[in-house]
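Visitor: This is a predicted model, with the sequence first.
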Amino acid sequence: LKSSDGPKVWKALLEKGVMPCGLGARDTLRMEAKLPLYGHELSDQITPLEANLGVFVKLDKSLIGRDALLKQKEEGIPRSLRGFEMVEGGVARNLYSVYLNDEQIGYVTSGCKSPSLDKFVGYALIRRDIGLKFGDLIDIEIHGKLRKAKLVKTPFCKHSAGKSEA
């Protein structure tokens, strides 16, 4: 496509009913489907094991960071990425603190309003030694106030790829 044809293609797409979207739409879709974003759910500080993505890491193969991942697996994975939905009002955003009984236990990696569920949801990286389970309540600090959230199973939305809803 020549750059000079870009405006014509854009106009044709809009006329056909294609709606423009941005990073907010990408974030809600990826979060509903439990797709991590580097710098949020994965980073040089968050391992795939902590992000519950160990199924994609083949520790029997040669890979960068293999020794560190093996060590983490042997010693115990200290943190775990968990899904939550807000029980009280508020949008939990990246790096907001997560508490249990007034003790900080982690932080939010991503949060948004799920259009499919009509709920505010997110992911938090929290300590594993506490033994929290699905349905347990945590507190998230939003604008200086603690708001209740409930740990839930993810992905938030289970979509059937390739199946039509007739």
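Guide: In hand now; what should we look at? Numbers count the residues shown, from 1 in each chain.

Visitor: contacting residues around the longest strand along the chain?
Guide: In the chain, ranked by residue count with DSSP state E as the criterion, the top strand is strand 103-114. Here strand 103-114 makes contact (C-beta atoms under 8 Å, 6 or more residues apart in numbering) with 24, 27-28, 31-32, 37, 40-41, 46, 79, 81, 91-99, 119-127, 130, 138, 140, 156-157. Just so you know, the C-beta spots here come from the backbone N, C-alpha and C atoms, and that holds for glycine as well.

Visitor: can you list the residues that contact the helix or strand that it is followed by?
Guide: Using DSSP states H and E, the next helix or strand after strand 103-114 towards the C-terminus is strand 119-127. Applying C-beta under 8 Å, 6+ apart, the contact partners of strand 119-127 are 31-32, 40-41, 46, 50-51, 78-86, 89-92, 98, 105-114, 132, 138, 140, 149, 152, 154, 156.

Visitor: rewinding a little: in PyMOL, how would I select just the buried ones from the contacts of strand 103-114?
Guide: The PyMOL command for the buried members of those (criterion: 16 or more other C-beta atoms under 10 Å) is given here:
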select buried, resi 27+28+31+32+37+40+41+46+79+81+91+92+96+97+98+120+121+122+123+124+125+126+127+138+140+156+157
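
Visitor: Could you list which of the contacts of strand 103-114 belong to helices?
Guide: 24, 27-28, 31-32 (DSSP state H).

Visitor: Stretch 45-64: which residues count as buried?
Guide: Applying 16+ other C-beta under 10 Å to stretch 45-64 flags 46-53, 57 as buried.

Visitor: Quick check: end-to-end length of it?
Guide: Start-to-end span of stretch 45-64 (C-alpha to C-alpha, to the nearest Å) is 14 Å.

Visitor: And for stretch 11-21?
Guide: 15 Å.

Visitor: tell me the mean pLDDT over it?
Guide: Stretch 11-21 shows a mean pLDDT of 91.

Visitor: again with stretch 111-128
Guide: Mean predicted confidence for stretch 111-128 is 95.
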